[in-house]
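Asker: what's the 3D shape of this:
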Amino acid sequence: MLCLTCHRVRPAASRADYTAERASLIVREGLCTCGAPPGRPWRRQPVRKGAGVPR
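Answerer: Numbering: from 1, shown residues only. The predicted structure is shown next:
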């Protein structure tokens, strides 16, 4: 139930996980926000030769 990185309560996986005990733990420890995988870094797409040139 606790995140191994930040030691806070991980997001619930299902509706059954929402309990009074879980709510109390979230109030005491906080809710994990680092559980989501990091997004891909933004990269500019290379310009293809002849792109944008009307034919």
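Asker: give me the average confidence score over stretch 22-41.
Answerer: Confidence for stretch 22-41, expressed as mean pLDDT, is 78.
Asker: chain neighbours aside, what residue packs nearest to residue 9?
Answerer: In space, not counting the residues next to it along the chain, residue 9 is nearest to residue 26; the distance is 4.8 Å by C-beta to C-beta, 6 or more residues apart in numbering. Every C-beta, even on glycine, is put in place using the N, C-alpha and C of the backbone.
Asker: isn't there a helix covering the one you found?
Answerer: Yes. Using DSSP: H, G, I helix; E, B strand; the rest coil, the assignment for residue 26 is a helix.
Asker: can you give me the neighbour number for it?
Answerer: The local packing of residue 26 (other C-beta atoms under 10 Å) involves 15 other residues.
Asker: in this structure it contacts residue 10, no?
Answerer: No. Contact between residue 26 and residue 10 fails when scored by C-beta atoms under 8 Å: they sit 10.1 Å apart.
Asker: need the phi and psi values for residue 9.
Answerer: With angles defined as degrees, to the nearest 10, residue 9 shows backbone torsions of phi -70, psi 130.
Asker: the one 10 residues further on now?
Answerer: Here is the backbone geometry of residue 19 (degrees, to the nearest 10): phi -130, psi 170.
Asker: repeat for the one 3 residues further on
Answerer: Backbone geometry at residue 22, expressed as degrees, to the nearest 10, gives phi -60, psi -40.
Asker: equivalent analysis for the one 10 residues further on, please.
Answerer: Here the main-chain torsion angles of residue 32 (degrees, to the nearest 10) amount to phi -70, psi 130.
Asker: these two touch, right, it and residue 12?
Answerer: No. The pair residue 32 and residue 12 does not pass the contact test of C-beta under 8 Å, sitting 10.8 Å apart.
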